[in-house]
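>>> got a predicted structure plus its sequence, pasted below:
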Amino acid sequence: MKNVMLFLVACFLLGNSEAQIDSVQVDEQLQKAINHHASRYAFAPSAYPVPKGGFYYQNYNIVANDVQIGITENTSLGMGYALPFIAYITPKTSTALSDNVRVGLGDLAASSMFIPSEDGIRFNIAYGSLTYGSTRNNASLSLGYLSSNMTETNSFVVNGGGMYSISPNIYLVGEVWYNQAPLSLTYSASTWLYDANGERLPLLDQSGNPISGFYQVKESQESFETKQQILFGSLQFRIIGTSSNTRSWAFGLSFLSLSGEKKTYEYHYSDGGQYTNTLGAANTFLFLPSVTYIKKFGDLSSFN
């Protein structure tokens with residue numbers, strides 16, 4: 001009887017040990033299946049939160065360094081520095097409407113450092129966002145309100161982003177930003193004065209005699225109203241490490257498009273010379289390589 005009891009105890013201990021091993025293996029498999037990077041696209045946020053106790057570090061193309069800290073389960077605080085002079089702070093809070101729908105509210109406030117205030121750059125974007133999908137496959141749409149000392153009036157900013165899981169450790173991540181800001185320009189213009197026959201009126205000396213080769217000029221201040229349209233986006237392949245899925249590298253392309261109406265005007269001199277000049281919104285299109293590194297520290301048990 002004693003031998004039977006010992007055998008039963010041994011079987012129980014062995015079975016319990018195997019159950020613990022299986023549990024650990026399951027936990028490791030679940031951990032590897034978690035996407036710890038669902039709260040961000042290339043730079044833009046989704047409505048998924050940084051979990052409480054979570055700590056993220058992100059570097060974008062060397063020049064931008066970003067830190068995100070989970071304060072509560074649904075509230076986070078971010079801060080960063082973009083070379084050479086821009087520092088920013090960005091709080092965010094979010095909540096789930098259903099299993100696959102989340103909404104978020106946040107703000108991005110940035111300012112120049114080490115530059116006199118009258119020459120510095122300051123802007124603020126208050127935004128709301130909607131994210132549809134799981135932590136592995138989702139899309140977001142955000143609407144922000146931009147105020148800045150670089151523009152005469154405030155304007156709206158639209159942002160869209162998404163991520164798609166190609167495999168457990170490879171994602172396609174993209175985002176695009178759009179802003180259309182009013183642009184008011186003032187310039188000096190001039191025209192020659194003409195007589196009834198269409199001949200340029202000569203410039204007169206103090207005695208009222210014509211000065212040969214010189215003409216009367218009328219100068220004026222003109223204004224030009226247009227809009228500067230800004231489109232910025234990134235498309236990257238995000239590769240997540242296979243050990244704990246808390247580290248990732250992303251490689252891809254970013255682009256910047258500036259467009260808007262231009263105006264060409266003439267300036268006339270009294271000596272008969274003239275020139276033309278063009279002013280207005282910038283028109284530029286650039287492709288840039290983009291590399292992003294992200295590392296998560298802290299609580300690794302969260303779905304995010």
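Sure, I can see it. Numbering: from 1, shown residues only.
>>> surely Gln229 touches Leu256?
No - assessed by Cβ atoms under 8 Å, Gln229 is found out of contact with Leu256, at 11.6 Å. C-beta coordinates here come from the backbone N, C-alpha and C atoms, glycine included.
>>> more neighbours: these two, which one.
For the pair Gln229 and Leu256, the greater number of neighbours falls to Gln229 (18 against 14), based on other Cβ atoms under 10 Å.
>>> tell me which helix or strand that one sits in.
strand 217-240 (DSSP states H and E).
>>> what's the local residue count around the closest residue in space to Phe287 that isn't next to it in sequence?
The spatial neighbour of Phe287 that comes closest, neighbours along the chain excluded (Cβ to Cβ, 6 or more residues apart in numbering), is Phe255 at 5.3 Å. Using other Cβ under 10 Å, the number of residues around Phe255 comes to 15.
>>> who are the packing partners of the strand holding Gln229?
strand 170-192, strand 247-259, strand 262-268, strand 274-280, strand 284-298 (3 or more Cβ pairs under 8 Å, 6 or more residues apart in numbering; DSSP states H and E).
>>> one more time with 10 Å, if that's ok
strand 155-167, strand 170-192, strand 247-259, strand 262-268, strand 274-280, strand 284-298 (3 or more Cβ pairs under 10 Å, 6 or more residues apart in numbering; DSSP states H and E).
>>> okay, those in CSV with distance to Ser76 and mean pLDDT next?
What follows is those, written out as CSV (distance: least, Cβ to Cβ, whole Å; pLDDT from 0 to 100):
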stretch, distance to Ser76, mean pLDDT
strand 155-167, 17, 95
strand 170-192, 18, 89
strand 247-259, 18, 94
strand 262-268, 42, 85
strand 274-280, 40, 85
strand 284-298, 12, 90
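>>> which among those is found nearest to Asp119?
strand 170-192 (19.9 Å; Cβ to Cβ).
>>> among the helices and strands packed on strand 217-240, which is nearest Gly54?
The nearest among the helices and strands packed on strand 217-240, by Cβ to Cβ, is strand 284-298 at 4.9 Å.
>>> that closest one pairs with which strands, parallel or anti?
The strands beside strand 284-298 in its sheet (DSSP bridges) come out as strand 54-60 (antiparallel), strand 247-259 (antiparallel).
>>> tell me the buried residues in it?
Ser290, Thr292, Ile294, Lys296, Gly298 (16 or more other Cβ atoms under 10 Å).
>>> out of the strands paired with strand 284-298, deepest packed?
strand 54-60 (a mean of 19; mean count of other Cβ atoms under 10 Å).
>>> who touches the helix or strand following that strand?
Following strand 54-60 in sequence order, the next helix or strand is strand 64-70 (DSSP H and E). Applying Cβ atoms under 10 Å, 6 or more residues apart in numbering, the contact partners of strand 64-70 are 39-40, 43, 45, 49-60, 75-83, 86, 88, 90, 92, 292-294, 296-299, 302, 304.
>>> grab the nearest non-local neighbour of Tyr293.
Closest residue in space to Tyr293, ignoring its immediate chain neighbours: Asn59 at 4.7 Å, by Cβ to Cβ, 6+ apart.
>>> let me fix that: Asp119
Ser112 (7.8 Å).
>>> and for Thr72?
Leaving aside its sequence neighbours, Thr72 sits nearest to Lys52 (Cβ to Cβ, 6+ apart; 5.4 Å).
>>> which SS state does the one you found fall under?
Here Lys52 is coil, with the state taken from DSSP: H, G, I helix; E, B strand; the rest coil.
>>> can you get me a residue count around it?
Residue neighbour count, defined by other Cβ under 10 Å, stands at 16 for Lys52.
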